[in-house]
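# Have a look; sequence and predicted model below, questions after that.
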Amino acid sequence: MPRYGKIVVIRRNGIDGMVYPLTSTSCLFGRSTGCNIRMRLPWVSNEHCKIEINENKEAVLTNLSTVNPTQLNGAGFEQPVPLKHGDVLTIIDRSFRFEYPLQSTPKKRHSRSPKDETLQQVAEVELLQKKTSGAKSLDAS
């Protein structure tokens, strides 16, 4: 079963609470029994908001409530919004953090500079030299 990310409940004291793995391409928040993350508060809409995974494996947040709109990172939004790793969505007074799986976080590719590659090669040579010198000192005894 693929993992598209996870939703972390942020408790009122700021500490992480329950974690919900996002294993399907849609996650519905609300009061209804059909919701993936159910909130039994009277001011939460039956279907309050949803996160959907698009064809590029990006998570997109859509607000479904007109009475108490969902907030993203403390601000309201009207159109569906692509989520970034660590974004916080708030429904009434409950907050959730979205996290992509580490191996599949959509990000721009950055090419390594020649300096970075040289430093990496130097580090690998030094490590190899340490291993080799340790082996030689063992052989000499």
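It's in. Not measured: the values here are computed from a predicted model.

# so who does the residue most central in space within the chain touch?
What sits nearest the mean C-alpha location of the chain, by CA atoms, centre = their mean, is residue 99, with 1.1 Å. By CB atoms under 8 Å, 6 or more residues apart in numbering, the contact set of residue 99 is 5, 6, 7, 8, 85, 86. For glycine as for every other residue, the C-beta is placed from the backbone atoms N, C-alpha and C.

# With residue 42 instead?
residue 31.

# and what of residue 18?
8, 9.

# which element is it on?
If you go by DSSP states H and E, residue 18 is part of strand 16-22.

# ok, and for that strand, which residues are buried?
residue 22 (16 or more other CB atoms under 10 Å).

# which neighbours does it have in its sheet, and in what orientation?
Applying DSSP bridges, strand 16-22 is found paired with strand 5-10 (antiparallel).

# List the buried residues in the partner strand.
Quick answer for strand 5-10 (16+ other CB under 10 Å): 5, 6, 7, 8, 10.

# Among these, which one sits closest to residue 21?
residue 6 (5.1 Å; CB to CB).

# Thought residue 23 was touching the closest one, still the case?
No. Counting by CB atoms under 8 Å, residue 6 sits too far from residue 23 to count as a contact (9.3 Å).

# Quick check, pLDDT for residue 102.
pLDDT, residue 102: 78.

# Strands of the chain, start to end?
Along the chain, counting by DSSP state E, strands occupy 5-10, 16-22, 26-30, 37-38, 49-53, 59-63, 71-72, 75-76, 81-82, 88-91, 94-99.

# In JSON lines, list those along with mean pLDDT.
Shown next, in JSON lines, are the strands of the chain (pLDDT from 0 to 100):
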{"stretch": "strand 5-10", "mean pLDDT": "96"}
{"stretch": "strand 16-22", "mean pLDDT": "95"}
{"stretch": "strand 26-30", "mean pLDDT": "97"}
{"stretch": "strand 37-38", "mean pLDDT": "96"}
{"stretch": "strand 49-53", "mean pLDDT": "97"}
{"stretch": "strand 59-63", "mean pLDDT": "98"}
{"stretch": "strand 71-72", "mean pLDDT": "98"}
{"stretch": "strand 75-76", "mean pLDDT": "95"}
{"stretch": "strand 81-82", "mean pLDDT": "97"}
{"stretch": "strand 88-91", "mean pLDDT": "97"}
{"stretch": "strand 94-99", "mean pLDDT": "97"}
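
# Having no further points to raise, I will conclude here.
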